[in-house]
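Visitor: Got a sequence here, can you model it:
(2 chains)
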Amino acid sequence: MSKAAFAYWDNRIAPVFDCARQIRLVETDASGISTETQEMPPDDQPVQKALRLAELAVDTLVCGAISRSLHETISACGIRVVPFVAGEVEEIIQAWRSGNLQGDAYAMPGCRRHRRSLRRFTPERGRNFSCKKPGDKK
Amino acid sequence: MSIRKKKSRPAVVTPTETILESISDGVFTVDMEWRITSFNRAAEEITGVPREEAIQRVCSEVFRCSMCGADCALQLTLETGKPIIGKSGYIITAEGNRIPISISTAVLKDAQGQVVGGAETFRDLSEIEALRRELDSRFRVADLVSRSPLMQRIFEVLPAIAASPSTVLILGETGTGKELMARTIHDLSPRQQGPFIAVNCGALPDTLLESELFGYKAGAFTGAGKDKLGRFALARGGTIFLDEIGDVSPALQVRLLRVLQERTFEPLGATRSEQTDARVIVATNRDLAELTRSGAFREDLYYRVNVVRVQLPPLRRRKEDIPLLVDHFINRFNRLQRKAIQGIAPEALSLLMAHHWPGNVRELANAVERAFIMCEGGLISIAHLPEELTAHGASAAAGADVRSAHDLLDAQSIRSALERNGYNRLAAARQLGIHKTTLFRRIKKLGISLPEQDGRSRTPPAR
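Guide: Just a heads-up that it's a prediction; the model follows:
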């Protein structure tokens, strides 16, 4: 049983999760059957968005651009974040189901390097956001 | 952010392209399918997206701006044909950093006047934002906000006061923020990890205050079933704040003196003294020196608490802080009440500036909080302010325009001048710089009620 949340706007992954107003929840049971529901995340405090996802028992959040602080808040709630994803939401859901979401094909422009780092730094290994440290030279 | 590798550029051919490549504002254009058709060098640098990755991609996925989506400024421009200038937002870089920007939009037309897409220019406001924060920090110490020279002088010495272990005496009228000042001193001190324990000495009867401060042992009195720690014990490693110290009884003053002198105290019913290392901050709105002269406050205790003194000015002496404080409270209540009040209308702010504020900052905070209840969104206007500020509440509510604001300010100025001059009309008129008949006419027009006595027999008090 797993539950993934896809933040979307106009049938595409929402470009900025911090301002996303619609979420599609895809729940897959042990036999592989999926059910989909819609959710409106709170539009005020970022922490409310994170708490709502935790309340909905979401395991994975697939989203577009996301600010570092919100990403860290959501990760702290035990939710795996797959950030900087772009494309039609149906196509992204299919890619997620088939385990192909991590490829560069779905990366936002200018974010490929960071998504490669995402594969290296899995949640189990502690860090999954960026290979850049805040103090690194640009 | 910069693109480190030099990318191969298409040969720049037109003067327009040369200009676009040389400016520091990001510029991109889109077609009618929202796909990027051009992306200048500054756009690459600000967003961190190389041009070859941006071209032909959906603009929102390249730009990643807080307005992308339902609030898209470019979409609004294409729908209305009207450009948008300098709208603020932020973009999110691949590293997850928020970059503050301002954007402007325009419609793109071909030679035949047909709309073929849109153009968006954006400016990185990071440096301006950093400068704004730096400027703001000059007027802010922890939760204390002020640009008044009187408060600035306190801000300058506050870190030194916080670093020392000495007892601090905070003086100030009610509502000037004595507890907030005490908490700030604690937060800036090396004891910041320890507890901050506040006790209002004026709120408790003497016997109860004694057991609150020093605690008691089981069996000390009927009902004392087990030991209870006092506030001095709870404040170990931290700070104890004794508010309304001027209201403490002479008997308890003796016990407090012993704590301050010897750093020891005895819980009720205890046979042995206990040590305290808590830093002591005391406060009062009363004139402690006068209380000492009259014998109501022990002289030795006065000198013991009066080691470092912080005198908080009343709000009427730091009125230049009112706009800053109003902004601070609007931000705070927006956060707490999840509202989006944008600010305060100039005429309402003028009214706040004209008020005497006997309740000081607390009264101002309450006035803003009350306005939040009345105001649904947009700007706080005169109609949202409490009646005691607007003086003629009904007329303000009916016509909250500039004229009524002017009348209210007029009425407040006249009342203040009359009060200052013991209701001597002639003296008040002189102070206002108007003829006494003009004053009488305005008093009548504005419906200002006056006391029986006219102040002619009294000498006007000096200002």
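Visitor: For chain A, what is the nearest residue in the stretch 51-200 of chain B?
Guide: As assessed by CB to the nearest CB, chain A sits closest to residue B:96 within the stretch 51-200 of chain B, at 3.3 Å. The way it works is simple: take the backbone N, C-alpha and C, and place the C-beta from them, glycine included.
Visitor: which parts of the lengthiest strand in chain B are buried?
Guide: Longest strand in chain B by number of residues (criterion: DSSP state E): strand B:98-109. Across strand B:98-109, burial judged by 16 or more other CB atoms under 10 Å in any protein chain shown covers B:98-108.
Visitor: Over to stretch B:263-280?
Guide: Neighbour counts over stretch B:263-280 (16+ other CB under 10 Å) mark B:265-268, B:274, B:276, B:278-280 as buried.
Visitor: Strands - which of the residues you listed land there?
Guide: B:265, B:274, B:279-280.
Visitor: Distance to chain A and pLDDT added to the buried residues of stretch B:263-280, as TSV?
Guide: Below are these laid out as TSV (distance: CB to the nearest CB, whole Å; pLDDT from 0 to 100):
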residue	distance to chain A	pLDDT
B:265	42	91
B:266	47	89
B:267	42	90
B:268	45	88
B:274	41	90
B:276	38	92
B:278	34	93
B:279	34	95
B:280	37	95
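Visitor: In chain A, what residue spans correspond to strands?
Guide: With strands called from DSSP E, chain A shows them at A:2-9, A:12-13, A:23-28, A:34-39, A:60-62, A:80-82.
Visitor: Please identify the helix or strand for residue B:236.
Guide: Under the criterion DSSP states H and E, no helix or strand holds residue B:236.
Visitor: ok, is stretch B:38-52 in contact with chain A or not?
Guide: Yes. Using CB under 8 Å from any CB of the partner chain, stretch B:38-52 reaches chain A at B:47-50.
Visitor: residues touching the residue nearest in space to the middle of chain A, list them.
Guide: Closest to where the C-alpha atoms of chain A average out (CA atoms, centre = their mean) is residue A:62, at 2.4 Å. Residues near residue A:62 by CB atoms under 8 Å, 6 or more residues apart in numbering or on different chains: A:4-7, A:13, A:82, A:85, A:92, A:96, A:101.
Visitor: Per-residue pLDDT of the residue in the stretch 351-463 of chain B positioned nearest to chain A, please?
Guide: Closest contact between the stretch 351-463 of chain B and chain A, by CB to the nearest CB, is at residue B:377 (14.2 Å). The model reports residue B:377 with a pLDDT of 82.
Visitor: isn't it right next to residue B:339, touching?
Guide: Yes. The criterion here is CB atoms under 8 Å, and residue B:377 meets it with residue B:339 at 7.3 Å.
Visitor: Please say which of these two ends up with more neighbours.
Guide: residue B:339 (15 against 8; other CB atoms under 10 Å in any protein chain shown).
Visitor: distance of that one from residue B:364?
Guide: For residue B:339, the distance to residue B:364 equals 18 Å [CB to CB, to the nearest Å].
Visitor: shouldn't residue A:89 be in contact with residue A:6?
Guide: Yes. Counting by CB under 8 Å, residue A:6 is a contact partner of residue A:89 at 5.7 Å.
Visitor: With neighbour numbers in mind, choose between those two.
Guide: More crowded of residue A:89 and residue A:6, by other CB under 10 Å: residue A:6, with 24 against 20.
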